[in-house]
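A.B. asks: Got a sequence here, can you build the structure:
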Amino acid sequence: GIYWVTIADENGCEGRSAFTTVIVNPNPTPVITASGSLEFCEGDSVILTATESASYSWSPTNETTQSIVVYQSGTFSVDVINAEGCEGESQAVSVTIFVADSATITATGPIEFCEGKTLNLIASQGDSYLWSPTGQTTQVISANQSGPYTVTVFDENGCASASDTIVITIYDNPEPAITANGPIEFCAGDSVTLSTGIYDEYEWFLFGQTTQSIVVSNEGDYWVSVTDTNGCVGISDTISIEIFTVDSATISADGPTEFCDGDMVTLTASEGSSYAWLPNGETTQSITVSDAGTYSVTVVDANGCSSSSVEVEVIVNPNPIPIVTVNGPTE
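C.D. replies: Model (predicted):
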């Protein structure tokens, strides 16, 4: 207001002073505004700004700028002094920062396994989930390919935590192939060797042998199961072995095999594709024999299988030589 004073001296005379103007400035009432929500996740921030003034003093940070960046929970206020030197304090503002629990991944089995098996990965408890690299959003996923896996877990406040990386290794199953050292169709009495590649373990079917190679002399379907150094199992394709049975070679004679010198007998082999006679080397199905001896034949059938006959003995008896005696003159 405007102030003056009137005084009277001892003589009763009065006098009045000049006017004096007194100005009382109001104290400032600073207001804090926030650039966003006052509740947020760890790692985010909010900017607190005071209304414009000549100077600032923030509590509890002691910063002296009009705006401050807040990264932690707490109660914040600001004292200001305006251009007239008047001081005012704001109301307190509470900032709450949510801290998410650390995300983890639990595997339900070994993280190195063979193709065809499965492994479940389980994220720690949360409100929602995002897996990399699959993009799945469930708490549990099945890992069916090799590579690194991580999960981001979001809690009820929307705060995210990323797990450490877990690397899954899926081994290919072996694909064994069977090779034969000769034809897989052959005559009874022959054999073929079946082999596969180099692995840690083998099991052959039909007969359960456990070697890399087996010798086969029986007809049937064969395959092999192998286990490699990673413990992965592979089964080969089936190979079929066919064995040709051979009819026993026989010799039939068109007459007695014992006869007089000058006679003969025809020996005929059982049916076949080719013939080899002993001891004369003839190659026809039938031979005519006039000499004594032991005869046999090897008959080869249409499959190239051979069979040798039992020996047939031919006996040639010499003809008698008559002796003439004379009991008187011959002239």
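A.B. asks: List the buried residues in stretch 34-50.
C.D. replies: For stretch 34-50, burial by neighbour count (16 or more other Cβ atoms under 10 Å) applies to 40-41, 46, 48-50. (Each C-beta comes from the backbone N, C-alpha and C, glycine too.)
A.B. asks: for that stretch, the distance to its chain's centre please.
C.D. replies: 47 Å (Cα atoms, centre = their mean, to the nearest Å).
A.B. asks: what sits up against it?
C.D. replies: Outside stretch 34-50, the residues that touch it by Cβ atoms under 8 Å, 6 or more residues apart in numbering are 30-33, 56, 58, 66-71, 76, 78, 80, 90, 93-100, 157-160.
A.B. asks: one more time with 10 Å, if that's ok
C.D. replies: 28, 30-33, 56-58, 61, 63, 65-73, 76-80, 90, 93-100, 154-155, 157-161 (Cβ atoms under 10 Å, 6 or more residues apart in numbering).
A.B. asks: can you tell me the average pLDDT over that stretch?
C.D. replies: When pLDDT is averaged over stretch 34-50, the result is 96.
A.B. asks: ok, the closest residue to Y199 other than its chain neighbours - contacts?
C.D. replies: Of all residues not flanking Y199 in the chain, V226 sits nearest, at 4.0 Å (Cβ to Cβ, 6 or more residues apart in numbering). Applying Cβ under 10 Å, 6+ apart, we find V226 in contact with 173-176, 196-204, 212, 232-236.
A.B. asks: before we move on, back to that, what's the farthest-apart pair in the buried residues of stretch 34-50?
C.D. replies: C41 and A50 (25.1 Å; Cβ to Cβ).
A.B. asks: okay, T330: pLDDT?
C.D. replies: 79.
A.B. asks: do the same with F207
C.D. replies: 81.
A.B. asks: Next, find the distance separating it from P133.
C.D. replies: For F207, the distance to P133 equals 47 Å [Cβ to Cβ, to the nearest Å].
A.B. asks: One more: F40?
C.D. replies: 28 Å.
A.B. asks: before we move on, what about G116?
C.D. replies: 21 Å.
A.B. asks: again with V192
C.D. replies: Using Cβ to Cβ, V192 is found at 49 Å from P133.
A.B. asks: Just want to know which of the two has more residues nearby.
C.D. replies: Taking other Cβ atoms under 10 Å, V192 and P133 do not tie; V192 has more neighbours (19 against 10).
A.B. asks: Bridge partners for that one, pull those for me.
C.D. replies: Listed beta-bridge partners, V192: V216 (assigned using DSSP bridges).
A.B. asks: dump the residue contacts of it.
C.D. replies: So V192 contacts 180-186, 214-217, 222, 239, 241, 243 (Cβ under 10 Å, 6+ apart).
A.B. asks: Return the subset of those lying in strands.
C.D. replies: If you go by DSSP state E, the contacts of V192 have 180, 185-186, 214-216, 222, 239, 241, 243 in strands.
A.B. asks: And these, which of them are buried?
C.D. replies: 186, 214, 216, 222, 239, 241, 243.
A.B. asks: What's the separation between the residue lying closest to the fourth one once chain neighbours are set aside and V192?
C.D. replies: The one in question is Y222. Nearest non-adjacent residue to Y222, counting by Cβ to Cβ, 6+ apart: I239, 5.3 Å away. I239 sits 10 Å away from V192, taking Cβ to Cβ as the criterion.
A.B. asks: what is in contact with those two at once?
C.D. replies: Joint contacts of I239 and V192 (Cβ under 10 Å, 6+ apart) are 180, 184, 216, 222.
A.B. asks: Now the second one: phi and psi?
C.D. replies: Spelled out, that is I184. Backbone dihedrals for I184, given as degrees, to the nearest 10, come out at phi -100, psi 10.
A.B. asks: do L48 as well
C.D. replies: Backbone geometry at L48, expressed as degrees, to the nearest 10, gives phi -100, psi 130.
A.B. asks: Not counting sequence-adjacent ones, nearest residue to N317?
C.D. replies: Nearest to N317 is C260, by Cβ to Cβ, 6+ apart, at 5.3 Å.
A.B. asks: what about N82, how many neighbours?
C.D. replies: N82 has 18 nearby residues by other Cβ under 10 Å.
A.B. asks: Quick one: residues contacting it.
C.D. replies: Contacts of N82 (Cβ under 10 Å, 6+ apart): 25-28, 30, 51-55, 88.
A.B. asks: Adding secondary structure as columns, could you present the residues you listed in JSON lines?
C.D. replies: As requested, the contacts of N82 are exported to JSON lines (DSSP: H, G, I helix; E, B strand; the rest coil):
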{"residue": "N25", "secondary structure": "coil"}
{"residue": "P26", "secondary structure": "coil"}
{"residue": "N27", "secondary structure": "coil"}
{"residue": "P28", "secondary structure": "coil"}
{"residue": "P30", "secondary structure": "coil"}
{"residue": "T51", "secondary structure": "coil"}
{"residue": "E52", "secondary structure": "coil"}
{"residue": "S53", "secondary structure": "coil"}
{"residue": "A54", "secondary structure": "coil"}
{"residue": "S55", "secondary structure": "strand"}
{"residue": "G88", "secondary structure": "strand"}
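A.B. asks: I'm done for today, thanks for sticking with me.
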